Each structure stands twice: as C-alpha cells, then as structure tokens.
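Student: need coordinates for the below:
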Amino acid sequence: MNTLVHTGIGFLDVLLTIVFLILFTYPILGGFAWFVGVLCYNFLFKYRQMEWIEIPTEIEPFITIMVPAHNEEIVIEDTLNYLLTHLNYTNYEVLVTDDGSTDKTLKILERLMKYHQKLRVIRIEKNKGKAHAFGVGVGFAKGELILSNDADTIPEPDALKKYVNYFIRQDATNIAAVTANMDVLNRSTLIGKSQTVEFSSIVGIIKRTQIGVLGGIYAYSGANTMYRKAALLDVGLFRQDRATEDISIAWDHQFQGWLSLFAPQIMFFMEVPETLEMLYKQRRRWAKGGTEVWLTNFKKVLLHPFKNIGRTLMFLDQSLSIIWAFFFWVSSAIFLISLIFFAIDGNWERIYHMLTMAFLFVGFEMIAGLLQLLASLIVDDRGRKFKYLLFAPLYMIFFWMMNALTILTTFIPAIKTILGFGSGVWVSPKRSGTLKKE
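Tutor: Numbering: from 1, shown residues only. Predicted structure coming up:
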C-alpha cells in the first residue's frame with residue numbers, strides 16, 4: 001500500500017498517513033460539515049422556537065440583568081440608559097457589579113442610581129475578574145433568571161420577552177441557559193466589517209450545527225446570555241481562574257446534564273475590536289480559554305466517550321482544531337524552507353509542483369469556506385448581512401491564520417492555568433463609545 005509517510009513500519013505509516021490527510025483536509029471538511037449542519041438545524045432540531053408567546057405584565061418572571069464592569073466610563077452610561085429605558089419588559093432590575101474600577105465608572109453609577117429605581121450597584125474594591133464579579137452579583141440578584149450583559153452590549157428591545165419564552169416552555173425545566181445571536185455594533189472600519197462576516201459564520205452556522213446535530217454548544221456568548229440561577233449554583237458558578245468563563249460554564253452545565261441552547265432569533269449588539277492589537281489580544285484570550293476547557297475536560301470525555309456522543313464529537317472537533325493549528329504553522333514553515341532550498345538548488349520543477357498543490361488546497365478551502373459563509377449570511381438575521389460577503393476573503397485568509405496563531409502562542413499559558421497558576425483579573429479593552437455616536 002502506498003502511503004504519504006514512510007517510517008518502515010507498515011501500520012504506523014498507514015496511521016500517520018490517515019492523520020496527515022485528516023489534518024490537511026480539516027478546514028475543507030469542516031466548511032462542508034457546517035454547511036450540512038445548518039440544514040439539520042432548520043429541519044430537525046426540536047427546540048427551535050417557532051413562535052413567541054405574549055407574556056402579560058402581571059405574570060412576567062422577574063429578571064436580573066447583570067452588568068459586570070471594570071473601568072467602563074466610556075460606555076457604561078449609554079449602555080445602562082438603554083437597558084433601563086428601551087427594553088419592552090417591566091419586571092426586571094439592572095445590577096452592576098463594579099469590579100475595582102479606578103476611572104469615573106463608580107461616579108457615573110452613583111449619579112445614575114438617583115434617577116433609576118431599577119438600578120442597583122455593588123462595589124468590589126479589588127479587581128478580581130469578571131467571573132468573580134458575576135459570582136458576587138448572583139448572591140444579590142433578585143431574579144431566578146439572570147441575563148449576563150457586558151458593559152458595551154445592548155440587546156434588542158424584545159430580547160427579555162424572547163428569552164423568557166424559552167424558559168416557560170413545557171420542556172424547559174432542564175434548560176440551564178439560552179445564548180443569543182451576536183451582531184457588530186461598530187462597523188466603521190475594515191476590521192469591524194470583517195468581524196460581521198466572521199460572527200455570522202461562527203454564530204450563524206457553527207452554533208446551529210452544534211445544537212441541532214450534536215445537542216449542545218461549545219460556548220455561550222458571554223456578552224449576552226440568560227442563565228437559570230439554579231443552574232449557575234448547581235455547577236458552582238463561573239470558574240474564576242479561566243480566561244473565558246463563558247466557555248467553561250457551558251461545558252460544566254452540559255457535563256451536569258443541563259441543556260444549553262442557542263437562540264438565533266434573539267439579537268444583541270456589541271462593540272468589537274477596531275485595531276489589530278486589540279483584535280489579537282481578544283483572540284489570544286479566546287484561544288487560551290478554549291485550550292483550558294479542552295485540557296480540563298480531556299479526561300472526562302476520554303473515560304466516558306459514549307455517555308454523550310454529541311459532546312464527544314464536539315470535543316473531537318476542538319481537538320482537531322488545536323492540533324491543526326500546530327500542523328498549519330509547522331507545515332507552512334517546512335513549505336517555505338523547502339521553497340528556498342529548491343530555489344537555491346535551481347529545482348524549478350519541484351517549486352512549480354509545490355505551488356500548484358498549495359493553490360489547489362487554498363482553492364478548495366476557499367470554496368468550502370465560501371459555501372459556509374453563503375449559507376450563514378442567508379440564514380442569519382433573515383439575510384440582512386449578505387452585503388458583507390465582500391469582506392469574506394479577509395476573514396477566510398487573515399482571521400483563520402490569526403486564530404491558528406493564537407492557539408499556538410497560548411498553549412503553554414493555558415497549561416500553566418490548569419496547573420494552578422491562572423488568574424481571572426481583567427483589563428477592559430479600549431472602547432469607542434459607538435452607542436453614543438448612534
């Protein structure tokens with residue numbers, strides 16, 4: 001049997017060849033898989049919310065909107081004014097946990113409390129991170145349903161009503177959380193417009209496939225997710241030493257038998273990074289948090305792979321994603337070194353063959369990615385984002401490479417966190433105050 005790898009050991013050659021082919025074609029197969037997955041979600045998934053029930057004010061479940069904040073003076077006032085005056089819901093409170101802010105955030109909050117009875121503020125003197133601030137807030141929350149809402153995020157006016165529809169269903173007793181569909185608030189730059197395409201791809205296709213085919217989701221949208229308080233308490237709240245508490249708790253919930261849902265019809269809008277520096281820092285945090293979750297749950301999945309086959313397949317995809325990131329950069333380095341070597345040697349035929357194969361691979365990858373993006377832009381938000389398809393090449397080339405790079409550069413820090421050297425202390429990103437400009 002002809003194999004791509006030759007070690008002299010037949011079985012090992014076959015195994016390594018299979019692994020090589022899987023890694024080589026992973027982005028292509030993944031693109032087609034997500035494309036098929038959204039069809040399964042649209043036609044087979046039983047938890048889809050087909051209609052919205054109007055809830056009379058007198059029986060509205062009480063909701064606590066939790067806003068953890070650290071140095072958010074640029075955006076906090078506009079966000080809170082929106083949450084307190086623009087939501088089509090009556091029975092709720094807004095609870096801000098100010099996590100050791102050193103700017104004017106606390107003064108703004110004190111002033112706003114004089115005008116809004118629904119606003120409450122908890123001051124935490126020392127910055128210990130979003131997860132810690134949220135955990136403290138849960139102890140003071142009056143609602144049995146808690147909406148996590150970032151300081152730079154605004155949900156659509158009917159969001160609370162739509163969220164509640166999921167929790168009042170007859171089959172809702174086991175629902176831990178419902179996470180909404182993210183859209184970009186600031187689209188004035190090329191990076192912002194490109195992230196509109198990216199989030200449509202990730203949220204519009206991947207989460208639909210995960211919940212519709214695999215029965216769970218890899219991560220909540222930390223910026224806007226409604227939790228059942230009982231489910232938060234059941235898993236011991238958020239892990240405070242993780243880079244991405246929203247990924248960790250989604251897996252914790254699902255390991256405890258809770259159901260985590262994605263609600264594509266519930267829209268929320270948030271600021272995204274507008275500079276390469278801030279974008280890279282965000283993706284580093286995401287990559288580190290994802291690897292931490294992968295390491296945390298590795299043994300659990302390995303020992304009981306058939307207990308929840310959907311979760312196991314989702315874990316396998318994450319494993320391939322991490323391994324592929326290393327494979328991509330190692331193979332790219334080997335490719336470039338080989339090109340230089342053959343150029344020095346004058347072997348132009350080998351160079352031609354290598355460039356041809358690379359062109360074919362990138363071509364198939366672009367086709368698969370384009371199918372994924374086309375499907376996502378059509379189904380997400382009723383096709384309103386389709387015009388952003390023009391920015392797809394930047395997403396499919398630059399963003400994929402950046403995401404692979406961040407996995408590579410955060411792998412060791414993630415291991416350190418698992419070994420007990422992690423910290424949940426946060427540094428708020430630079431804000432542009434987009435809501436104020438609208």
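Student: contacts and neighbour counts: CA atoms only from here.
Tutor: Fine.
Student: longest strand of the protein?
Tutor: Assignment by DSSP state E gives strand 259-270 as the longest strand of the chain.
Student: partner strands of that strand, parallel or antiparallel?
Tutor: strand 153-155 (antiparallel), strand 175-184 (parallel) (DSSP bridges).
Student: dump these to a markdown table, plus mean pLDDT and mean neighbour count.
Tutor: Formatted as a markdown table, the strands paired with strand 259-270 follow (pLDDT from 0 to 100; neighbours: other C-alpha atoms under 10 Å):
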| stretch | mean pLDDT | mean neighbour count |
| --- | --- | --- |
| strand 153-155 | 90 | 25 |
| strand 175-184 | 87 | 23 |
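Student: which among those strands is found nearest to G139?
Tutor: Proximity to G139 (C-alpha to C-alpha) singles out strand 175-184 among those, at 17.7 Å.
Student: mind saving the C-alpha coords of that closest one as PDB?
Tutor: Extracted in PDB, the C-alpha atoms of strand 175-184 (Å, rounded to 0.1, in the frame of the first residue of the first chain):
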ATOM      1  CA  ILE A 175     -32.600  24.400  30.300                       C
ATOM      2  CA  ALA A 176     -29.600  26.000  32.000                       C
ATOM      3  CA  ALA A 177     -29.000  28.900  29.700                       C
ATOM      4  CA  VAL A 178     -30.000  30.400  26.400                       C
ATOM      5  CA  THR A 179     -27.400  32.400  24.500                       C
ATOM      6  CA  ALA A 180     -28.300  35.000  21.900                       C
ATOM      7  CA  ASN A 181     -27.100  35.900  18.400                       C
ATOM      8  CA  MET A 182     -24.400  38.500  18.300                       C
ATOM      9  CA  ASP A 183     -24.100  41.300  15.800                       C
ATOM     10  CA  VAL A 184     -21.500  44.000  15.400                       C
END
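Student: before we move on, back to that, which helix or strand lies directly C-terminal to the longest strand of the chain?
Tutor: Per DSSP states H and E, the first helix or strand lying C-terminal to strand 259-270 is helix 276-303.
Student: run through the neighbouring helices and strands of that next one.
Tutor: Applying 3 or more C-alpha pairs under 8 Å, 6 or more residues apart in numbering; DSSP states H and E, we find helix 276-303 packed against helix 245-255, helix 309-345, helix 400-416.
Student: and the first one, what other elements does it pack with?
Tutor: With contacts defined as 3+ C-alpha pairs under 8 Å, 6+ apart, the packing partners of helix 245-255 are strand 259-270, helix 276-303.
Student: quick one: mean pLDDT for it?
Tutor: Mean pLDDT, helix 245-255: 88.
Student: how about the second one?
Tutor: Here the mean pLDDT over helix 309-345 is 85, rounded to a whole number.
Student: which intervals of the stretch 151-300 of the chain have sub-threshold pLDDT?
Tutor: Residue ranges of the stretch 151-300 of the chain with pLDDT under 70: 186-188, 190, 192-193, 197-198, 200-204.
Student: repeat the analysis, applying 80 as the threshold.
Tutor: Scanning the stretch 151-300 of the chain for pLDDT under 80 picks out 170-172, 183-205, 212-215, 240-243, 272-276.
Student: about what we covered before: looking at the strands paired with strand 259-270, which is closest to G420?
Tutor: G420 lies closest to strand 175-184 among these, at 27.6 Å (C-alpha to C-alpha).
Student: quick one: contacts of that closest one?
Tutor: The contact list for strand 175-184 (C-alpha atoms under 8 Å, 6 or more residues apart in numbering) reads 163, 166-167, 192-193, 195-196, 199-200, 203-204, 220-221, 224-228, 231-232, 253, 258-272.
Student: which one of the helices and strands packed on helix 245-255 is the most hemmed in?
Tutor: Mean neighbour count (mean count of other C-alpha atoms under 10 Å) peaks for strand 259-270 among these, with a mean of 21.
Student: and it, how far out from the chain's middle?
Tutor: Taking C-alpha atoms, centre = their mean, to the nearest Å, the mean C-alpha location of strand 259-270 is offset from the chain mean by 11 Å.
Student: for it, list the C-alpha coordinates in CSV.
Tutor: As requested, the backbone C-alpha atoms of strand 259-270 are provided in CSV (Å, rounded to 0.1, in the frame of the first residue of the first chain):
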residue,chain,number,x,y,z
LEU,A,259,-29.3,21.8,28.3
SER,A,260,-27.6,24.8,26.7
LEU,A,261,-29.5,26.4,23.9
PHE,A,262,-28.6,28.9,21.1
ALA,A,263,-31.4,31.3,20.1
PRO,A,264,-30.5,32.8,16.7
GLN,A,265,-33.7,35.0,16.7
ILE,A,266,-32.6,36.9,19.7
MET,A,267,-30.2,39.6,18.6
PHE,A,268,-27.7,41.7,20.6
PHE,A,269,-25.2,44.2,19.5
MET,A,270,-21.7,44.8,20.9
